[in-house]
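Student: following is a predicted model, sequence given first.
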Amino acid sequence: MKAIRITENGGPEVMKLVDVEVEKPGPGQVRVRQTAVGLNYIDTYHRSGLYPVQLPSGLGLEAAGVVEELGEGVSSLKVGDRIAYGVGALGAYAQGRNLQANRITRLPDAITDETAAGMMLKGMTVRYLLRATYKLQPGETILLHAAAGGVGQILSQWAKALGATVIGTVGSEEKVAAARAHGCDHVINYSTENTVARVKEITGGKGVPVVYDGVGQATLMTSLDCLKPRGLLVSFGNASGPVKSLDLGLLAARGSLYVTRPTLMTYTASDEDLKETAEDLVQMVASGKVKIPVNQRYALADVVQAHRDLESRRTTGTTILIP
């Protein structure tokens, strides 16, 4: 089997396509032949060392494929089942691998492999953000940064399905159209508009109860300034770099604000939480309420270029690798 491995942290060039041997699945495992692999911004953090991993290491957290062999004690799946996953050990950038059977999800016929590969990590992230970190209610107005990105396009659609009004921010006129097409009621181009002023205008000066911020350091103060008193900043990503420090006095001065830094791994740590989160996502996508546009496809061997395009913001929506 071919797989991507890194032996050092650094830029995209540290990723190498190598031959690996996939052993027989152990107890509780299944061997999967992968048909599509999801590309996510968190992959660049593992590669660069922002999120430390033990080296040498594989990369990637989500993929879709077909079960080829069962390990001892596996009864929840059978050979030939179509599956997908979005959490677990690194190593999704591969043609095949062994996986824990209790951490993967069976796919219905209504969802293609490419859609599944691009939806699991981002879609389950959206699910916990909207249904657990902050339980979004019909009629509420939210602010979402990077609304044209992979998480952004899923979150805006899901929030609309829950009855919310969505304000999205993007960095170009091209991305304004993409954000509108996926559920944003109001789109702010932060390159030409003042985000805080526009949010206050849209909300009648009140601000929003929650900001979903996957950008990080560059949008921190903007996010805080857009919140209403006792509002919540959900900082779930670092596309512009991590938030290095936060003066808690800023929260007090702006009306007793809250800040959280959640992760998908925490919200799906138990098998029960993972099952509930994944099944909710599968149901939303299968129903057509949330669509997963696969806008870029790269061969697994071209992963270096895929990372370069992702980090330079030349991609929109979902990107997948074809093993």
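Tutor: Received the coordinates, thanks. Numbers count the residues shown, from 1 in each chain.

Student: all helices of the stretch 151-300 of the chain, in order?
Tutor: With DSSP state H, counting those that start in this stretch, the ranges of helices along the stretch 151-300 of the chain come out as 173-181, 195-202, 220-226, 248-253, 264-267, 271-287.

Student: who's in contact with the residue nearest to residue 2 when sequence neighbours are not counted?
Tutor: Nearest residue to residue 2 in three dimensions, chain neighbours excluded: residue 95, at 5.1 Å (CB to CB, 6 or more residues apart in numbering). (Each C-beta comes from the backbone N, C-alpha and C, glycine too.) Going by CB atoms under 8 Å, 6 or more residues apart in numbering, residue 95 touches 1, 2, 3, 33, 34, 300, 323.

Student: could you do residue 264 as well?
Tutor: Residue 264 makes contact with 86, 87, 121, 124, 125, 128 under the criterion CB under 8 Å, 6+ apart.

Student: tell me the phi and psi of the last one?
Tutor: This points to residue 128. When quoted as degrees, to the nearest 10, the phi and psi of residue 128 stand at phi -70, psi -30.

Student: also the fourth one?
Tutor: When quoted as degrees, to the nearest 10, the phi and psi of residue 124 stand at phi -70, psi -30.

Student: quick check: it vs residue 15, distance?
Tutor: For residue 124, the distance to residue 15 equals 25 Å [CB to CB, to the nearest Å].

Student: domains in this structure, as residue ranges please.
Tutor: Split into domains by automatic domain parsing, the chain comes to 2-120+271-322, 138-261.

Student: out of the ones you listed, nearest to residue 132?
Tutor: Smallest distance to residue 132 across the domains of the chain (CB to CB): 8.2 Å, for domain 2-120+271-322.

Student: what's the average pLDDT for that closest one?
Tutor: Averaging pLDDT along domain 2-120+271-322 gives 96.

Student: repeat that for stretch 136-144.
Tutor: Rounded mean pLDDT across stretch 136-144 is 98.

Student: can you give me the buried ones in that stretch?
Tutor: Neighbour-count burial for stretch 136-144, with 16 or more other CB atoms under 10 Å as criterion, is recorded at 136, 140, 141, 142, 143, 144.

Student: contacts only, for residue 236.
Tutor: So residue 236 contacts 125, 129, 133, 212, 213, 214, 261, 262, 263 (CB under 8 Å, 6+ apart).

Student: and residue 121, by the same measure?
Tutor: 38, 40, 42, 61, 62, 86, 87, 264.

Student: if I look at the third one, how far off is residue 137?
Tutor: To tie it back to what came earlier, the one meant is residue 42. Distance, residue 42 to residue 137, using CB to CB: 29 Å.

Student: kindly report the same for the second one.
Tutor: The spacing between residue 40 and residue 137, counted by CB to CB, is 28 Å.

Student: with the fourth one instead?
Tutor: With the distance defined as CB to CB, residue 61 ends up 30 Å from residue 137.

Student: try the last one
Tutor: Between residue 264 and residue 137 the distance, using CB to CB, works out to 22 Å.

Student: now the fifth one
Tutor: Computed as CB to CB, the residue 62 to residue 137 distance reads 29 Å.

Student: hang on, the earlier thing: list buried residues within the contacts of residue 236.
Tutor: Among those, those classed as buried by 16+ other CB under 10 Å are 125, 129, 133, 212, 213, 214, 262.

Student: can you add pLDDT and distance to residue 192 and give those back as a markdown table?
Tutor: Putting those into a markdown table (pLDDT from 0 to 100; distance: CB to CB, whole Å) gives the following:
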| residue | pLDDT | distance to residue 192 |
| --- | --- | --- |
| 125 | 96 | 29 |
| 129 | 98 | 28 |
| 133 | 98 | 31 |
| 212 | 98 | 22 |
| 213 | 97 | 20 |
| 214 | 93 | 21 |
| 262 | 97 | 31 |
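
Student: which of those lies closest to residue 115?
Tutor: Checking the buried ones among the contacts of residue 236 one by one against residue 115 (CB to CB), the nearest turns out to be residue 125, at 16.0 Å.

Student: what backbone torsions are found at the closest one?
Tutor: The phi/psi pair for residue 125 (degrees, to the nearest 10) is phi -60, psi -50.

Student: now for it: which residues touch it?
Tutor: 151, 236, 264.

Student: check contacts around the first one.
Tutor: Remark: with contacts taken as CB under 8 Å, 6+ apart, residue 151 is in contact with 122, 125, 126, 214, 237.

Student: just give the closest residue to the fourth one, not the sequence neighbours.
Tutor: The reference is to residue 214. Nearest to residue 214 is residue 237, by CB to CB, 6+ apart, at 3.1 Å.
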